[in-house]
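In: kindly return the folded structure for what I paste below:
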Amino acid sequence: LLGTFSEPSRNLLGTVTEPSLPAPVSSSPAAGVAGGAGDGTARGARTREVFASPDGLATRAVALLLEAAAAAIAERGVFVVAVSGGSIPALLAPELLAAAPRDQLSRWRLFLADERHVAESHPDSSLGEWRRRFLEPAGMGSVQAVGVAAALPLPQAAELYEEKLLATLREAAAAAAGGG
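Out: From the prediction side, this is the model:
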């Protein structure tokens, strides 16, 4: 559902138990995951959770996203995350707008895990959907979300997107190392 570039070995929807979060209908560790102990408790282990409603999923996903954001910001001052488009912005944006600490949002850097090669104004643009549902209502700046340069041919647009992602990750790594 969501991935984070802030710590590649940590699965954002991994095993976290907090009484205040809605309990999944069912939960089971994914077999054969590198770093997993088979019980879903090891760092990097993945857990499949099934919720009775989309609202339960949204609450859980947003809680985990905000936990990862707070940890990344505390450690290196920036949270770099890749999110999916499709139905995900509509599902998560209301919860994010209600729960996200506004003072931390300026430190978020948003990338798209599945952006299409279309203008941001196009109805199929994942970034356009995130901008409309979350970024603008939250008052986040345009430089905080990186989109695909639809005016360029696809190979050049993909190369530029990769360069922006890698530059952002290098900046975050330098900050974590005390050099930024």
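In: alpha carbons only for contacts and neighbour counts from here, please
Out: Fine.
In: can you show me the helices along the chain?
Out: Read by DSSP state H, the chain holds these helices, from start to end of the chain: 54-76, 88-99, 102-105, 126-130, 154-176.
In: Thr47 versus the nearest residue to Val78 once chain neighbours are set aside, what's the distance?
Out: The shortest distance from Val78 to any residue that is not its chain neighbour, by Cα to Cα, 6 or more residues apart in numbering, is 4.8 Å, and that residue is Arg107. Computed as Cα to Cα, to the nearest Å, the Arg107 to Thr47 distance reads 28 Å.
In: neighbour count for these two, which is higher?
Out: Thr47 (22 against 19; other Cα atoms under 10 Å).
In: nearest to Ala138, out of the helices of the chain?
Out: For those, proximity to Ala138 was assessed by Cα to Cα; helix 88-99 is nearest, at 6.4 Å.
In: who touches the closest one?
Out: Here helix 88-99 makes contact (Cα atoms under 8 Å, 6 or more residues apart in numbering) with 54-55, 58-59, 61-62, 129-130, 133-134, 137-138.
In: roughly how far is it from the heart of the chain?
Out: The chain centroid and the centroid of helix 88-99 are separated by 12 Å, computed with Cα atoms, centre = their mean, to the nearest Å.
In: repeat for stretch 62-71
Out: A distance of 9 Å separates the C-alpha centroid of stretch 62-71 from that of its chain, computed with Cα atoms, centre = their mean.
In: likewise stretch 142-152?
Out: Using Cα atoms, centre = their mean, the mean C-alpha position of stretch 142-152 is found 17 Å from that of the whole chain.
In: and what of stretch 96-109?
Out: Using Cα atoms, centre = their mean, the mean C-alpha position of stretch 96-109 is found 12 Å from that of the whole chain.
In: distance between the ends of that stretch?
Out: Start-to-end, stretch 96-109 (Cα to Cα) is 15 Å.
In: next, the buried residues of it.
Out: Buried residues in stretch 96-109, defined by neighbour count with 16 or more other Cα atoms under 10 Å: 96-97, 100, 105-109.
In: same check on stretch 171-180?
Out: In terms of neighbour count (16+ other Cα under 10 Å), stretch 171-180 has its buried residues at 171-173, 176.
In: same question, stretch 142-152
Out: Residues 144-149 are the ones in stretch 142-152 that count as buried (16+ other Cα under 10 Å).
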